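1. Predicted model and sequence follow; I will ask about them next.
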Amino acid sequence: MGKNKRNRSDNSKTGLTPPNKTQINMASHYHQQQQSFSNVLSQAHDTLYTSTPMNSHTTPLTGTFQQNYHNTTNHMNQTFECPNPQIQQTSHCSPNAGPTSNPRYQPPPLPSFPSLPLSQSDGVRSNITMEMLFSTVNIMNQRLERIDFVVGDKLSKLDKKLDDRFNNIETKISNLHQEIDSIKNTQNVHAQVLENEEKHHFEIADRMNLVEDYTEEINTEKNQLKEEYLKLQSHSMKCNLIFGGIIQTDEEEDTDTILKNFIKTELDMPDADEIDFQNVHRLRPRRDGKPRNIIARFTHYKDHERVKKVVPQKLKHKPRFTINQQYPTEISNRRQKLFPKLKELHRSNIRASLVYDQIIINGQPYDPTREEPYIPIHNNQAGLS
């Protein structure tokens, strides 16, 4: 018991803390609290101006600072100006400051404050900390307002440009719609015109077909009329004979007497004086220089046939004289084209004759497209016998 009492009387042994140790513990607690304030301010400064905090090793808030911090939360929604001129100069509170006005802008350094002596109270330290926080919040608000102003200005300009462009586009689209409507109207008019022209074309085509058919009929009738006219003309010339090779002795000769003497002497017809002619005259001069031909129209067709019948026999050996039936010019040209074929058939011993404008073989008109050969004269006579 006495030992215990002695221990209690000793200050070092009792539960009371000595005064020197108490002062040392209070100083240590003050420095720890001040270090916590510095860490909080550094973290707030780095959070405002950088994306990565400068000090990654943060110190949790002490209970005393948490109580002082919560007491000031009611004043955070207010806007404050920098009360300290030194803080205003170092904080750059101008409205033009910030990253939007200067791309190389660097955040201002956090102002350093001297350590307060131990004799100052906690209220002074709290006022300095609140002023620093209010200054930082004020700078942040000013920069946010600047950013809001710049972004709003740019958005308004962009909105105006977009409105102008959209108005221009709407105007152009309206003009395009008008042009398209005009083109459609013009196209409809052209389509109507083309439809009318197409109908007119079909009508003209039908008329042309009728005209072609009518023209073909007219050509057929014309050819028929032409052939009938040639036949009529040939029929009117059936009593005419053309005598060639008779020499003209005088310009004022008696062609009637000269022709009768020719028939009497060259064709050996003693009754030539009894032949009557309706008309006897010479034709125009020939281009080959031979004597002009004499055309004679017999009064009686039987005299014409009798003279024509003796011509092949009597003039066979007298090639300088010719006696031919008179035909129209076109029929004569047709007969001239058929003479080579007629001679070819005669050389092949095929009995053929030239009648009017056709070659007659065995009583049938000659067909150039016939594939079966004609029978020669001697084979035909052998078959008949």
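-> Noted; the coordinates are in hand.
2. can you list the weak-confidence ranges in the chain?
-> 1-124, 370-385 (pLDDT under 70).
3. Tell me where it has strands.
-> For the chain, the strands defined by DSSP state E occupy 240-244, 277-282, 294-298, 322-325, 352-355, 358-361, 364-365.
4. so of those, which one's packed in deepest?
-> Of all the strands of the chain, strand 294-298 has the most neighbours on average by mean count of other C-beta atoms under 10 Å, namely a mean of 21. To be clear about C-beta, it is placed using only N, CA and C from the backbone, and glycine gets the same treatment.
5. Give me the helices and strands touching that strand, please.
-> strand 240-244, helix 255-266, strand 277-282 (3 or more C-beta pairs under 8 Å, 6 or more residues apart in numbering; DSSP states H and E).
6. Walk me through the domains of the chain.
-> Per automatic domain parsing, the structural domains of the chain span 16-151, 238-319, 327-385.
7. what's around residue 178, how many residues?
-> Neighbour count of residue 178, defined by other C-beta atoms under 10 Å: 10.
8. From residue 185, how far out is it?
-> 11 Å (C-beta to C-beta, to the nearest Å).
9. Could you do residue 138 as well?
-> Distance from residue 138 to residue 185, by C-beta to C-beta: 69 Å.
10. which of these two has more neighbours?
-> Neighbour comparison, residue 138 and residue 185: the larger count goes to residue 138, with 18 against 10 (by other C-beta under 10 Å).
11. How much space separates that one from residue 132?
-> 11 Å.
12. how close does residue 213 get to residue 284?
-> The value you get for residue 213 to residue 284, if C-beta to C-beta is used, is 44 Å.
13. can you redo the strands of the chain as JSON lines with distance to residue 222?
-> Converted to JSON lines, these look like this (distance: least, C-beta to C-beta, whole Å):
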{"stretch": "strand 240-244", "distance to residue 222": "26"}
{"stretch": "strand 277-282", "distance to residue 222": "31"}
{"stretch": "strand 294-298", "distance to residue 222": "29"}
{"stretch": "strand 322-325", "distance to residue 222": "26"}
{"stretch": "strand 352-355", "distance to residue 222": "25"}
{"stretch": "strand 358-361", "distance to residue 222": "21"}
{"stretch": "strand 364-365", "distance to residue 222": "23"}
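14. quick one, which of the ones you listed is nearest to residue 335?
-> Using C-beta to C-beta as the measure, strand 352-355 is the one of the strands of the chain that comes nearest residue 335, at 6.2 Å.
15. residues in contact with the closest one?
-> 335, 338, 339, 342, 345, 346, 359, 360, 361, 366 (C-beta atoms under 8 Å, 6 or more residues apart in numbering).
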